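Turn this into a structure:
(3 chains)
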Amino acid sequence: MARWVLHVDLDQFIAAVEILRRPELAGLPVVVGGRGDPTERAVVSTASYEARAFGVHSGMPLKLAVRKCPEAVFLPVDGPAYDEASAVVMEAVRAHPGAVVQVLGWDEAFVGIETPGPDVAEAVAHAEAIRAEVLEASLLHCSVGVGDTTVRAKIATDFGKPRGTFVLTRENWFEVMGERPTTALWGVGTRIAARLAAHGYDTVRQLADASDDVLAAEFGPRMGPHYGRLGRGLGATRIDDTPWVARAHGRETTYQSNLTDEGEIAAAIGSLSAQVVEDIRREGRACARVHLKVRFAPFFTTTRIRKLAEPTWDAADIAATALELLRDLGDDRPIRLLGVRAEMVPPVGGYEPPRTTGRGGPAASPPRD
DNA sequence: TCTGGGGTCCTAGGACCC
DNA sequence: TCTGGGGTCCTAGGACCC
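Next up is the predicted model:
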């Protein structure tokens, strides 16, 4: 018997959902982001493959996207539509025989599979079946990475895109990844890569061979060795389908014109706090700590945290604490962005694994003792 | 070009207690 | 006068992912 990790990832998910309900957009460059107005301060959530051919990609300001591709169709983000499509997809994945499913976001999930024999072809057969089942249920195409760890499966998916399957295991890890830059790893961004490069670790293979002592001295006793393991493709081999429990909910808004007026700022914090309270009420857990995030013009962002004397459900308490945090900053530059986050009282007994799911979260977290 | 909005986790250092 | 070592709690800040 062998254990495999599959990573299922929908192709251009958000754009695909939009094209599904507006078939006349098929084959056109489609860019989804913000309110769909490329003159506003907002960024691209997803671009269709046709738009990507013009150099448009996720995270790019809409203002830049429209320059790169003036003929693109710009659409607003419609979260509820993606929630609905995602639910259909995940239901199809969960229905696959033997699948243990850990959802990572709207458009991706890990699937644990056990096969009778050791041959990876058996895992690939599951991957192909899941792709067909997802397509049948949702009319959406996906790609699947097959691996012997979460890290390898996750990275494999990119090589399978679009509409394909790719296998990445101990057997071909270094052959495929060894000479690639460390940023090709899930969990290594440009900052970490720069610090690794300062020690002479530029490629995945160099990181894999790095000394744990050097890594620990640079990144700490937990994260250092963790990066070494990433370089070797190591990660979880077993998928945990424990439902994810939110730690916090937050709301933030980038204002089309900067805020300077005190009353305007207080009103903005009040509105954000009210939205946050709606979200934590749905969870049934009170707010224990308030986080304030502020981006001052031109582009300086900072956050502050304050624990509340007593957990609260009251938006006015949260707003008052957020305003206090802002006042304590003593910075009166114009504000581009405000965010209020409510960190919730942990459930009795603390949080169960998995810790790294929900939308976002550090990709492959180091193991905890 | 001008940088969203939703998240999670790690590290470091200070305060405080024993 | 000089001041250990362990533990916990808290905040600030950084990093990453989708």
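
how about the strands in chain A?
Secondary structure of chain A (DSSP state E): strands at A:2-10, A:30-32, A:46-47, A:73-75, A:100-105, A:108-115, A:142-147, A:165-168, A:248-259, A:287-296, A:300-312, A:335-344.

May I have the longest one as CSV, with CA atoms only?
When you say that, I think you mean strand A:300-312. Output of strand A:300-312 as CSV, limited to C-alpha atoms (Å, rounded to 0.1, in the frame of the first residue of the first chain):
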residue,chain,number,x,y,z
PHE,A,300,3.9,53.3,4.8
THR,A,301,1.9,50.5,6.4
THR,A,302,1.9,49.6,10.0
THR,A,303,-0.2,47.4,12.4
ARG,A,304,-0.9,47.7,16.1
ILE,A,305,-2.5,45.1,18.4
ARG,A,306,-4.3,45.6,21.7
LYS,A,307,-5.8,43.0,24.0
LEU,A,308,-9.2,43.9,25.4
ALA,A,309,-9.7,43.8,29.1
GLU,A,310,-12.8,41.7,28.5
PRO,A,311,-13.7,39.9,25.3
THR,A,312,-16.5,41.7,23.5
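
any chance of the strands of chain A in TSV, with mean pLDDT, distance to A:Trp186 and mean neighbour count too?
To be clear about C-beta, it is placed using only N, CA and C from the backbone, and glycine gets the same treatment. Below are these laid out as TSV (pLDDT from 0 to 100; distance: least, C-beta to C-beta, whole Å; neighbours: other C-beta atoms under 10 Å):
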stretch	mean pLDDT	distance to A:Trp186	mean neighbour count
strand A:2-10	97	10	23
strand A:30-32	95	24	28
strand A:46-47	94	19	26
strand A:73-75	95	29	21
strand A:100-105	90	11	19
strand A:108-115	96	11	22
strand A:142-147	97	11	28
strand A:165-168	98	11	24
strand A:248-259	91	23	16
strand A:287-296	94	25	21
strand A:300-312	92	25	13
strand A:335-344	94	25	22
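
The closest residue to A:Met90 other than its chain neighbours and DNA strand C: what is the separation?
The shortest distance from A:Met90 to any non-neighbouring residue, by C-beta to C-beta, 6 or more residues apart in numbering, is to A:Val103 (5.6 Å). Separation of A:Val103 from DNA strand C (C-beta to the nearest atom of the strand, to the nearest Å) stands at 10 Å.

Quick check: bridge partners of A:Val103?
On the basis of DSSP bridges, A:Val103 takes part in beta bridges with A:Ala109.

is it true that it touches A:Val111?
No - contact criterion C-beta atoms under 8 Å: A:Val103 and A:Val111 do not qualify, at 10.1 Å.

Now do the helices in the stretch 151-300 of chain A.
A:173-177, A:190-198, A:204-208, A:212-219, A:223-231, A:262-283 (DSSP state H, counting those that start in this stretch).

can I get those helices in TSV with mean neighbour count, distance to A:Leu326 and mean pLDDT?
Shown next, in TSV, are the helices of the stretch 151-300 of chain A (neighbours: other C-beta atoms under 10 Å; distance: least, C-beta to C-beta, whole Å; pLDDT from 0 to 100):
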stretch	mean neighbour count	distance to A:Leu326	mean pLDDT
helix A:173-177	19	45	97
helix A:190-198	14	27	93
helix A:204-208	21	41	97
helix A:212-219	16	32	91
helix A:223-231	21	31	93
helix A:262-283	17	7	94
